[in-house]
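Engineer: Here is my input; please provide its structure:
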Amino acid sequence: MSSPKKKKNVQSLNEKLVALTRFLSKAAERSLPFFSTLKNCAKRSHFKWTKEAEKAFQEMKALLKNFPTLTSPIAGETLILYLAIAREAFSSVLIAERDGVQTPIYFVSKAPTGSELNYRPIEKFVYALVLLRRLRRYFQAHPIVIQKKVTPSAPELWELYTDGASVPEGAEYEALLAGVRLAKKIGVKKIQAYKVLVEQIFKKSIEPSQLTAVIDEAEHCWMTNIIEFLKMGSLPENDKEAKKIRVKAPMYDLHDDVLYRKSYLGLTFRCVGPKQAEKIIVKVHAGACALHSSFRTVAEKIKRLGYYWLGMYNDAAEKIRVCQECQLHAPISKAPRHQMIPITPPWPFCKWAIDIVGAFPSGSKSADYLVVDIDFFTKWVEAKSLNKITSKKVGDFF
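Structural biologist: Okay, here's the model as predicted:
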């Protein structure tokens, strides 16, 4: 396989390497030189194949020639998980050791982007473990031994600030030395110290707010049976209700006597009772900076705030329906309340419409008015001019 010469060739190469990620060790770290050639390459003429990319390409070819053989784990076998953390990539491999020989099972690799580049080492290890959610079936069926490795990089610059405004003379130097000792203890290699003058304020400018009482829910609500089952394993006497609780319980978690609802994305929502739900709906719908949105928007916003209860949409709709501000400022509908039903005549000349038009300017015959008659069925029109409107003349018209 020859080296890529065009931007399209590099894009095709990256797509193929992504498909082989789980079979290659440190695939993301090895592919970084290829991605760097695509940066600032909006036009074909801007493409440039660098020496680093060529070196990485040759190393990738050598790796593919000696492609590692993956194995499947044996039931109950202890597996080893290696985590390699570098600034450019997070890599991990799940290994089975048999007769002193380590054989890979699964490779996982990812290049950090955005704020992930600024993670501390411990945060990078935690994030690397989060990326291993696809290996959940291995973690549930086998004991795992984790081995970690940090790739050394350039020493990071730390900043140390000391305050010498409100301490006796010379004490700020003791604080500086204490900060240096602490930095040395945690392994800091480069440090820059600053002295900050801070004015000490003895009088509080803001009074502490009083804590409002927690809303007491009713003794029995929709959470009671689920909490009792998760806490004590008790179920209702009704078999149908007991079956419902067994089915719903895995979707909830109890922590410090507070019930949480699990979501499909791994997030948890705090469960609340009817009284708390009513206050939450009012705050979100008509509180500070509220928009008096529809019940669907209010329910979705409550979910984003981290709350959940059964019948969220119905409760929000009922509460918003009686909102006084929404009724005052709602658009007025001019449509009829009921559907209009036309009344059609059954046969010609069964129903007539009569109208009198006038008075018009006087003519030669002094006819100032006009009597018009229309048949509803055939739309037949009859008209006659009159100089005076009387019952006799109108009767003569018919």
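Engineer: What's the first helix or strand after the strand or helix carrying residue 123?
Structural biologist: Here residue 123 sits within helix 121-130, counting by DSSP states H and E. Beyond helix 121-130 in the direction of the C-terminus, DSSP H and E gives the next helix or strand as helix 136-141.
Engineer: quick one: average pLDDT of that following helix?
Structural biologist: The pLDDT scores in helix 136-141 average 82.
Engineer: can you start the count at 47 instead of 1 from here on
Structural biologist: Yep, numbering from 47; the last one is helix 182-187 now.
Engineer: List the buried residues for that helix?
Structural biologist: Across helix 182-187, burial judged by 16 or more other C-beta atoms under 10 Å covers residue 184. Yep, even glycine has a C-beta here, placed from its N, CA and C like the rest.
Engineer: Can you verify my assumption that residue 191 contacts residue 126?
Structural biologist: Yes: using C-beta atoms under 8 Å, residue 191 is in contact with residue 126, at 5.0 Å.
Engineer: Can you name the residues that contact residue 70?
Structural biologist: By C-beta atoms under 8 Å, 6 or more residues apart in numbering, the residues touching residue 70 are 63, 76, 109, 153, 155.
Engineer: hang on, I meant residue 391
Structural biologist: So residue 391 contacts 397, 422, 423 (C-beta under 8 Å, 6+ apart).
Engineer: what's near enough to touch the second one?
Structural biologist: Taking C-beta under 8 Å, 6+ apart as the definition of contact, the neighbours of residue 422 are 390, 391, 396, 397, 398, 399.
Engineer: Please check the residues you listed and keep the buried ones.
Structural biologist: Among those, none scores as buried (criterion: 16+ other C-beta under 10 Å).
Engineer: Now render the residues you listed as TSV, adding distance to residue 418.
Structural biologist: Shown next, in TSV, are these (distance: C-beta to C-beta, whole Å):
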residue	distance to residue 418
390	21
391	18
396	18
397	15
398	10
399	8
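Engineer: Let me see the contact set for the residue nearest in space to the middle of the chain.
Structural biologist: Residue closest to the mean C-alpha point of the chain, counted by C-alpha atoms, centre = their mean, is residue 350 at 7.2 Å. Contacts for residue 350 (C-beta under 8 Å, 6+ apart) come out as none.
Engineer: Wasn't it part of a strand?
Structural biologist: No: counting by DSSP: H, G, I helix; E, B strand; the rest coil, residue 350 is not found in a strand; it is helix.
Engineer: Tell me how far it lies from residue 309.
Structural biologist: Separation of residue 350 from residue 309 (C-beta to C-beta, to the nearest Å) stands at 11 Å.
Engineer: which one is residue 297 nearest to, not counting chain neighbours?
Structural biologist: The shortest distance from residue 297 to any non-neighbouring residue, by C-beta to C-beta, 6 or more residues apart in numbering, is to residue 308 (5.5 Å).
Engineer: ditto for residue 317
Structural biologist: Nearest residue to residue 317, sequence neighbours excluded (C-beta to C-beta, 6+ apart): residue 305, at 4.2 Å.
Engineer: Okay, and the beta partners of the one you found?
Structural biologist: With beta bridges defined as DSSP bridges, residue 305 has these partners: residue 300.
Engineer: Can you add distance to residue 272 and pLDDT and give the contacts of residue 422 back as a markdown table?
Structural biologist: Output for the contacts of residue 422, formatted as a markdown table (distance: C-beta to C-beta, whole Å; pLDDT from 0 to 100):
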| residue | distance to residue 272 | pLDDT |
| --- | --- | --- |
| 390 | 61 | 76 |
| 391 | 66 | 76 |
| 396 | 69 | 79 |
| 397 | 68 | 81 |
| 398 | 72 | 78 |
| 399 | 69 | 83 |
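Engineer: from those residues, which ones fall inside strands?
Structural biologist: Those of the contacts of residue 422 mapping onto strands are 398, 399, per DSSP state E.
Engineer: wait, which of the contacts of residue 422 is closest to residue 103?
Structural biologist: Using C-beta to C-beta, the shortest approach to residue 103 within the contacts of residue 422 belongs to residue 390, at 83.0 Å.
Engineer: Dihedrals phi and psi, the closest one?
Structural biologist: In terms of degrees, to the nearest 10, the main-chain angles of residue 390 are phi -100, psi 140.
Engineer: For residue 154, list each beta-bridge partner.
Structural biologist: Here residue 154, judged by DSSP bridges, has bridge partners residue 138.
Engineer: Got the confidence number for it?
Structural biologist: pLDDT for residue 154: 82.
Engineer: wouldn't it be in contact with residue 184 here?
Structural biologist: No: assessed by C-beta under 8 Å, residue 154 is found out of contact with residue 184, at 11.2 Å.
Engineer: dump the residue contacts of residue 283.
Structural biologist: Contacts of residue 283 by C-beta under 8 Å, 6+ apart: none found.
Engineer: helix/strand/coil for it?
Structural biologist: Classified using three-state DSSP, residue 283 is coil.
Engineer: Now do it against residue 430, distance only.
Structural biologist: Going from residue 283 to residue 430 by C-beta to C-beta gives 88 Å.
Engineer: that older thread, where's the residue nearest to residue 297 relative to residue 294, distance?
Structural biologist: According to C-beta to C-beta, residue 308 stands 11 Å off from residue 294.
Engineer: Ok, residue 236 next?
Structural biologist: Between residue 236 and residue 294 the computed distance is 54 Å (C-beta to C-beta).
Engineer: Name the residue in the two with the higher neighbour count.
Structural biologist: Just comparing residue 236 and residue 294: by other C-beta atoms under 10 Å the higher neighbour count belongs to residue 294, 14 against 11.
Engineer: Wasn't the more buried one part of a helix?
Structural biologist: Yes: counting by three-state DSSP, residue 294 is part of a helix.
Engineer: what number of residues lie near the residue nearest to residue 317?
Structural biologist: Counted with other C-beta under 10 Å, residues neighbouring residue 305 total 23.
Engineer: Surely it and residue 275 touch.
Structural biologist: No: with contacts counted by C-beta under 8 Å, residue 305 stays clear of residue 275, the gap being 10.8 Å.
Engineer: got the contact list for whichever helix or strand residue 402 is part of?
Structural biologist: Taking DSSP H and E as the definition, residue 402 sits inside strand 398-404. By C-beta under 8 Å, 6+ apart, the list of residues contacting strand 398-404 from outside reads 414, 415, 416, 417, 418, 419, 420, 421, 422, 435.
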